[in-house]
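Novice: how would this look folded up:
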Amino acid sequence: MKENYNHPAYTRYPQLKELEESRKMDLKKSIRTVPDFPVEGIQFRDITSLLESPEAFNRALIGMTNSCMSFKATKIVAIESRGFIFGSPIARDMELPLVLARKPGKLPNPTYQRSYKLEYGKATLHIQRNSDLNKHDRIVIIDDLIATGGTAKALASLVSQCFNVPKENILVLAVIDLPDLGGSAIIKETGFNVDTLIEFEGE
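Specialist: Next up is the predicted model:
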């Protein structure tokens with residue numbers, strides 16, 4: 001990390017030099033849990049309470065930026081929609097290209113797409129075929145949470161297969177991991193890298 005202290009991100013986030021202290025903040029306390037949403041039996045981890053705390057939001061961005069720097073990221077891919085919240089400031093601070101993975105009908109150019117199962121439904125993500133991703137890149141895919149891993153695994157596979165990016169050059173990065181649902185383990189078993197800031201037990 002020290003050799004990266006001249007990186008543009010440090011201009012905006014001088015706290016990166018004190019990362020260990022930043023990790024000591026209990027981000028869990030800033031995340032509200034809503035029972036039985038969106039369906040009965042789900043413990044929904046609500047990041048809106050974290051976003052409403054400037055200190056907690058900044059701490060999360062610091063931790064995620066550090067992960068991107070340690071991975072030597074060359075491009076950021078953000079998942080609609082909560083991945084945009086975290087991916088955008090990180091891409092700006094690291095001065096990296098930001099590629100959007102969007103829901104159907106939102107992108108103007110021809111796309112690659114992947115459908116996948118959610119823990120309570122099904123969805124599809126698209127990336128424009130003219131996005132500047134290639135086999136030499138180190139890609140960080142950003143979202144707010146990893147549950148069953150379907151979203152991130154589908155998108156990581158799309159990036160790897162359609163843009164020829166080696167699996168080991170792709171990192172799935174999120175604020176929250178729900179390890180009991182097994183998503184992180186599945187993503188790792190598929191050959192991709194995973195990093196998260198905090199974990200919650202249960203669904």
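Novice: Can you pull the phi/psi pair for E189?
Specialist: phi -60, psi -30 (degrees, to the nearest 10).
Novice: For A154, see how far away it is.
Specialist: Using CB to CB, to the nearest Å, we find E189 at a distance of 15 Å from A154. (Each C-beta comes from the backbone N, C-alpha and C, glycine too.)
Novice: Low-confidence stretches in the chain?
Specialist: Low-confidence segments of the chain (pLDDT under 70): 1-25, 118-121, 203.
Novice: From the centroid of it, which residue is nearest?
Specialist: I142 (1.9 Å; CA atoms, centre = their mean).
Novice: So in terms of bridging, what pairs with it?
Specialist: Note on I142: beta-bridge partners A78, L173, judged by DSSP bridges.
Novice: May I have stretch 126-137 as CSV, with CA atoms only?
Specialist: Provided in CSV are the C-alpha atoms of stretch 126-137 (Å, rounded to 0.1, in the frame of the first residue of the first chain):
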residue,chain,number,x,y,z
HIS,A,126,-26.7,-6.0,-19.6
ILE,A,127,-23.3,-4.4,-20.5
GLN,A,128,-22.8,-2.6,-23.8
ARG,A,129,-20.7,-4.5,-26.3
ASN,A,130,-18.7,-1.4,-27.0
SER,A,131,-17.5,-1.1,-23.4
ASP,A,132,-13.7,-0.8,-23.2
LEU,A,133,-12.9,-4.0,-21.3
ASN,A,134,-10.2,-6.4,-22.4
LYS,A,135,-8.0,-9.3,-21.3
HIS,A,136,-5.3,-7.0,-19.9
ASP,A,137,-7.7,-5.3,-17.4
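Novice: so how far is it from its chain's centroid?
Specialist: Put simply, stretch 126-137 sits 17 Å off its chain's centre (CA atoms, centre = their mean, to the nearest Å).
Novice: Return the set of buried residues in it.
Specialist: For stretch 126-137, a neighbour-count test (16 or more other CB atoms under 10 Å) marks 126-128, 131, 133, 137 as buried.
Novice: Residues touching it, excluding its own?
Specialist: The contact list for stretch 126-137, computed with CB atoms under 8 Å, 6 or more residues apart in numbering, reads 74-75, 77, 97, 99-104, 106-113, 139, 155, 158-159, 162-166, 169.
Novice: Show me just the buried residues among the residues you listed.
Specialist: Using 16+ other CB under 10 Å, the buried ones in the contacts of stretch 126-137 are 74-75, 77, 99-102, 107, 111-112, 139, 155, 158-159, 162-163, 165, 169.
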